[in-house]
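**Q** Sequence and predicted structure below; questions after.
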2 protein chains.
Amino acid sequence: MLRNEKLVFALPKGRILKEVMPLVRHAGIEPEPAFDDESARQLRFTTNFPELDIIRVRAFDVATFVAFGAAHMGVAGNDVLLEFDYSEIYSPLDLGVASCRLSVAEPADLRDEDDPSTWSSVRVATKYPNLASKHFAARGVQAECIKLNGAMELATQLGLSRRIVDLISSGDTLRANGLVEVERICDITSRLCINRAAWKTRPEEVGGWINKFGEAVDAFAA
Amino acid sequence: MLRNEKLVFALPKGRILKEVMPLVRHAGIEPEPAFDDESARQLRFTTNFPELDIIRVRAFDVATFVAFGAAHMGVAGNDVLLEFDYSEIYSPLDLGVASCRLSVAEPADLRDEDDPSTWSSVRVATKYPNLASKHFAARGVQAECIKLNGAMELATQLGLSRRIVDLISSGDTLRANGLVEVERICDITSRLCINRAAWKTRPEEVGGWINKFGEAVDAFAA
């Protein structure tokens, strides 16, 4: 990483972006107009700060870009951060947005006769096989975690697994698919995350942004 | 798997679906009207065959559903099949659609001084870390493969890696990003894939569909 290169800030596409942008703007960052067209193919954007660019990538890829120093800072949910568990990422600030939880869910009719505390082994479908494996291992439950990128609700319907580990926000999707939450693994919010080497080599710039985001969080919490 | 349950046919969302549907329809399968609304949340669809349902999931998940027998048949590119290399999937029929290739690409200015035959180690960003690792291992090249789900063109721009391993179709995306293809790993087309256990337990049904798809391929090739 060269000291004179632009600072690159990675933001996640989709649902989380809408909740994060008010904080980004409160921190004083205004991306070029093309940024607001989410359907466009452009991935990198200038901002009102000549030394700061934004990239817009998938939530899982935010963590990878930041971990390898290809982006200096980013926003990622702790679901993504815990799934990868990259030692090169430091996440000093909870942004308090995009709240949800990661939970185990199963069909309502299975629930009636099921007590999670008695499980000795489970098979789950999930976007988070590492996180789910660690959770079950810590509980002494042997787990087979099948990675799916989407369509979790089909997993139980078609017998891929009796249970899923997935993000739950309102719970509407679960209910619509006849599933109920049976065990909460962790609460999720979006965090400001920083590449450790970038923070070491550019402490004033990076520290300045952490402070500005901290002020934005405080302002919205007030 | 119960013998009396419906046969489940997994199709991939997006670009490939458009190329595959003429074959599906030529094989006599007509999904319920809701299927044509690709933006809808519905994932499972009935067809004109009471004993056959279609699910529409991500290309990578097609392979997982078929491998675990949650879908009995599916359509997947050999990029996906090679990446997972599931022993439970048999792919007896090349559908000859969605042709592209998996290749190594790098910035044009790097290309001028680079000869792939001299590589002893590479770092690549790719959606296909297993496939890329195997390719380089077979060539005796030590490879660090960083998994990205998208935004490959940012990987080289931001220094995540000097090279990428990605699907190339027309080559327009590569050129637009100043990249050139330097090594072809394999040619890709979509294949009909079958869960091995399903074929054993329901040979007439599954075999019948393989024949119908074979006729469809022949008809379009003629």
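**A** Alright, I've got the coordinates.
**Q** in the longest helix seen in chain A, what counts as buried?
**A** Determined from DSSP state H, the single longest helix within chain A is helix A:203-221. Using 16 or more other C-beta atoms under 10 Å in any protein chain shown as the test for burial, helix A:203-221 gives A:205, A:206, A:209, A:210, A:212, A:213, A:214, A:216, A:217. In this view, the C-beta of every residue, glycine as well, is placed from N, C-alpha and C.
**Q** Residue A:32 touches residue A:49, doesn't it?
**A** No: using C-beta atoms under 8 Å, residue A:32 makes no contact with residue A:49, being 11.3 Å away.
**Q** which secondary element of chain A has the worst mean pLDDT?
**A** Taking mean pLDDT, DSSP states H and E as the measure, helix A:108-111 is the helix or strand of chain A with the lowest mean score, a mean of 81.
**Q** for that helix, packing partners?
**A** strand A:179-188 (3 or more C-beta pairs under 8 Å, 6 or more residues apart in numbering or on different chains; DSSP states H and E).
**Q** Could you list the residues in contact with the following helix or strand past the strand it packs on?
**A** Downstream of strand A:179-188, the first helix or strand assigned by DSSP states H and E is strand A:190-195. Outside strand A:190-195, the residues within contact range by C-beta atoms under 8 Å, 6 or more residues apart in numbering or on different chains are A:12, A:16, A:19-20, A:62-63, A:66-69, A:71-78, A:81, A:88-98, A:206, A:209-210, A:213.
**Q** Just the strands from chain A, written as ranges.
**A** Under the criterion DSSP state E, strands of chain A are mapped to A:7-12, A:44-46, A:52-57, A:73-77, A:89-94, A:100-107, A:121-126, A:142-147, A:163-168, A:179-188, A:190-195.
**Q** Just give me the neighbour total for residue A:25.
**A** 12 (other C-beta atoms under 10 Å in any protein chain shown).
**Q** hmm, I was thinking of residue A:133
**A** 17.
**Q** Likewise for the one 5 residues further on?
**A** Close neighbours of residue A:138, defined as other C-beta under 10 Å, add up to 8.
**Q** OK, contacts around the closest residue to residue A:144 other than its chain neighbours?
**A** In space, and not counting its chain neighbours, residue A:144 is closest to residue A:123: 4.4 Å by C-beta to C-beta, 6 or more residues apart in numbering or on different chains. Listed by C-beta under 8 Å, 6+ apart, the contact set of residue A:123 reads A:143, A:144, A:145, A:146, A:161, A:162, A:163.
**Q** any chance of these in JSON lines, with neighbour count, distance to residue B:191 and pLDDT too?
**A** Below are these laid out as JSON lines (neighbours: other C-beta atoms under 10 Å in any protein chain shown; distance: C-beta to C-beta, whole Å; pLDDT from 0 to 100):
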{"residue": "A:143", "neighbour count": "20", "distance to residue B:191": "31", "pLDDT": "96"}
{"residue": "A:144", "neighbour count": "14", "distance to residue B:191": "27", "pLDDT": "97"}
{"residue": "A:145", "neighbour count": "21", "distance to residue B:191": "27", "pLDDT": "98"}
{"residue": "A:146", "neighbour count": "20", "distance to residue B:191": "22", "pLDDT": "98"}
{"residue": "A:161", "neighbour count": "22", "distance to residue B:191": "25", "pLDDT": "96"}
{"residue": "A:162", "neighbour count": "15", "distance to residue B:191": "30", "pLDDT": "93"}
{"residue": "A:163", "neighbour count": "25", "distance to residue B:191": "31", "pLDDT": "96"}
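**Q** From those, pick the one nearest residue B:24.
**A** Nearest to residue B:24 among the contacts of residue A:123 is residue A:146, at 26.1 Å by C-beta to C-beta.
**Q** shouldn't the closest one be in contact with residue A:126?
**A** Yes: at 7.3 Å, residue A:146 counts as touching residue A:126 under the criterion of C-beta under 8 Å.
**Q** and chain A, which residues reach chain B?
**A** When proximity is defined as C-beta under 8 Å from any C-beta of the partner chain, chain A approaches chain B at A:1, A:8, A:43-44, A:55, A:57-58, A:60-61, A:64-65, A:68-71, A:146-151, A:153-155, A:157-160.
**Q** thinking again about what came up before, redo the buried residues of helix A:203-221 as CSV? Include pLDDT.
**A** Listed next are these as CSV, based on pLDDT from 0 to 100:
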residue, pLDDT
A:205, 96
A:206, 97
A:209, 98
A:210, 98
A:212, 98
A:213, 98
A:214, 98
A:216, 98
A:217, 97
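**Q** Between these, which sits nearest residue B:134?
**A** residue A:206 (38.4 Å).
**Q** for that closest one, what are its contacts?
**A** Counted by C-beta under 8 Å, 6+ apart, residue A:206 has contacts A:7, A:72, A:73, A:194, A:198, A:199.
**Q** Would you mind measuring from the closest residue to residue A:191 other than its chain neighbours to residue A:85?
**A** Nearest residue to residue A:191 in three dimensions, chain neighbours excluded: residue A:91, at 4.2 Å (C-beta to C-beta, 6+ apart). Noted for residue A:91: a distance of 11 Å to residue A:85, by C-beta to C-beta, to the nearest Å.
**Q** before we move on, back to that, orientation of the longest helix of chain A relative to strand A:7-12 in degrees?
**A** 40 degrees (axes from the mean of the first three to the mean of the last three C-alpha atoms, to 10 degrees).
**Q** thinking again about what came up before, who wins on neighbours among the contacts of residue A:206?
**A** So for these (other C-beta under 10 Å), the most neighbours sit at residue A:72, 27 neighbours.
**Q** quick one: contacts for it?
**A** A:1, A:7, A:8, A:9, A:66, A:194, A:195, A:198, A:202, A:206.
**Q** try 10 Å
**A** A:1, A:5-10, A:52-53, A:65-66, A:194-195, A:197-199, A:201-202, A:205-206, A:209, B:158 (C-beta atoms under 10 Å, 6 or more residues apart in numbering or on different chains).
**Q** What ranges in chain A fall below the confidence cut-off?
**A** A:1-4, A:112 (pLDDT under 70).
**Q** Just the terminal-to-terminal distance for stretch A:30-42.
**A** Taking C-alpha to C-alpha, to the nearest Å, stretch A:30-42 runs 16 Å from one end to the other.
**Q** Pull out the buried residues from it.
**A** A:31, A:35.
**Q** ditto for stretch A:152-171
**A** So for stretch A:152-171, counting by 16+ other C-beta under 10 Å, buried means A:152-158, A:160-161, A:163-168.
**Q** now residue A:85: how far from chain B?
**A** Note on residue A:85: its distance to chain B, by C-beta to the nearest C-beta, to the nearest Å, is 14 Å.
**Q** Right, I'll call it a day here.
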